[in-house]
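> Give me a model of this one.
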Amino acid sequence: MTETTPAGPAAFTTDDYVARMRRVAADAQDAGLDGLIVTPGPDLVWLTGYQPTAITERLTALVLSADRSPTLLVPRLERPDAEAAEGAGGLTLMDWADATDPYASARVLIDADGTYAVSDSAWAMHVLGLQDALPHSRYRSMTQVLPMLRAVKDDNELARLAAAGSAADATYEEIVHVQFAGRLETDVAADLARLLRERGHEQVDFTVVGSGPNGANPHHEAGARRIERGDMVVLDFGGLMFGYGSDTSRTVSVGEPTAEAREVHEIVRLAQQAGVDSVRPGVSCQEIDRAARKVITDAGYGEQFIHRTGHGIGVTTHEPPYMVEGEEQPLVPGMCFSVEPGIYLSGRFGVRIEDIVTVTSNGPRRFNDTDRQLRIVD
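Residues are numbered from 1 along each chain as shown. Take a look at the predicted model:
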């Protein structure tokens, strides 16, 4: 039976968006910047609620600075959509017409010799166009200079992430009852996508189904391999629900697993638990990676754990901060990220277990809580 989408959390208000823009402008000033230039993408959606219906070659840019009101520059033909955005009440709107120079319009919003953070999603042609119009201006990557831009979630955002995680969990509990043996990876991936949508996801971003040797490729895309009895199968799936991400991984065995497969799965389970257990305010991001990696390294599989332990999640499924060696950013309550160690035995099989976790004053809270023991499927 198809389930209906659950009632959503409260809508973000103009006040919410104004508070975000004000806080980010102050953060930019504290970082020694003159402001931010935010182009279409997740940063713009998070700051204003505005997502152009189509991202084109026409310049759209939100300019934020501590000493002037937030201004959104849009193509004239897209102004009605911008005016309808949830956060439009906190913005000054400017438009530019086709056959005119958008960078000339932008010049009045940008200090001629200022330094600005620019969205990572900005088109190079737009950054170069601004540099041509303002040759003494300077631009830096948003992630590089303001990595905590969206990292700490408020209660409304946490509710959305929790709902997305619960929907992903419900999807897993259903997928373990479908037939695996004899079907293509793409068949199971289609089941995952369908189940995520039935449980409320408006967008499915990925459905990794890595069976047998394909499971040793962490980002394997489901393909035409026919799943066989005896395969270990890595399932990694997620998308957006209420505008916020889900991302979970479990590894199942099609029929009875080998003793080695059971052993490897248990090592990964213990590593994942160690990573989650290390989450608490004040601990650096790299310590989460170290805690999980130590379990796998001590078991003799360190060379087969070939990626970071985790990534942030919010309006995108991958965003800062990252749980990786060298990331010294301390954890603070409201941060949300994955904990997903894995072991990958080339040409044979892989195992990964992943939960989304948020930091609370008392330690970790998981947004995924399905069984982490090795499940046997048909």
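> Name whatever forms a beta bridge with residue 64.
residue 36 (DSSP bridges).
> ok, it touching residue 34?
No - in this structure, residue 64 is not within contact of residue 34 by Cβ atoms under 8 Å, at 10.2 Å. Where you see a C-beta, it was placed from the backbone N, CA and C, and this is true even at glycine.
> Which one's more surrounded, the two?
residue 64 (26 against 18; other Cβ atoms under 10 Å).
> Ramachandran coordinates for residue 310?
With angles defined as degrees, to the nearest 10, residue 310 sits at phi -170, psi 170.
> Residues in contact with both of residue 64 and residue 34, list them for me.
Residues within reach of residue 64 and of residue 34 at once, by Cβ atoms under 8 Å, 6 or more residues apart in numbering, are residue 28.
> Relative to the whole chain's centre, how far out is the helix or strand hosting residue 159?
Element membership of residue 159, judged by DSSP states H and E, is helix 155-175. Helix 155-175 has its C-alpha centroid displaced from the chain centroid by 14 Å (Cα atoms, centre = their mean, to the nearest Å).
> Mind listing the strands the helix or strand harbouring residue 321 pairs with, and their directions?
Per DSSP H and E, residue 321 falls inside strand 319-323. Applying DSSP bridges to the sheet, strand 319-323 is found paired with strand 310-312 (antiparallel).
> Quick one: mean pLDDT for the strand it pairs with?
Average pLDDT, strand 310-312: 98.
> Do a quick rundown of the helices in the protein.
14-30, 42-48, 79-83, 102-107, 124-133, 142-145, 155-175, 185-198, 259-277, 285-298 (DSSP state H).
> Return the most buried member of these.
Comparing the helices of the chain by mean neighbour count (mean count of other Cβ atoms under 10 Å), helix 42-48 ranks first with a mean of 23.
> Could I get the pLDDT score of the nearest residue to residue 347 once chain neighbours are set aside?
Residue nearest to residue 347 in three dimensions, not counting chain neighbours: residue 213, with 5.1 Å by Cβ to Cβ, 6 or more residues apart in numbering. Per-residue confidence (pLDDT) for residue 213: 98.
> do the same with residue 132
On the pLDDT scale, residue 132 is placed at 95.
> which strand residues sit across from residue 343 in the sheet?
So, taking DSSP bridges as the rule, residue 343 has residue 351 as bridge partners.
> Could you report the pLDDT at it?
Reported pLDDT for residue 343: 98.
> for it, what are its contacts?
264, 267-268, 296, 301, 304-305, 350-351.
> Residue 202 too?
239-243.
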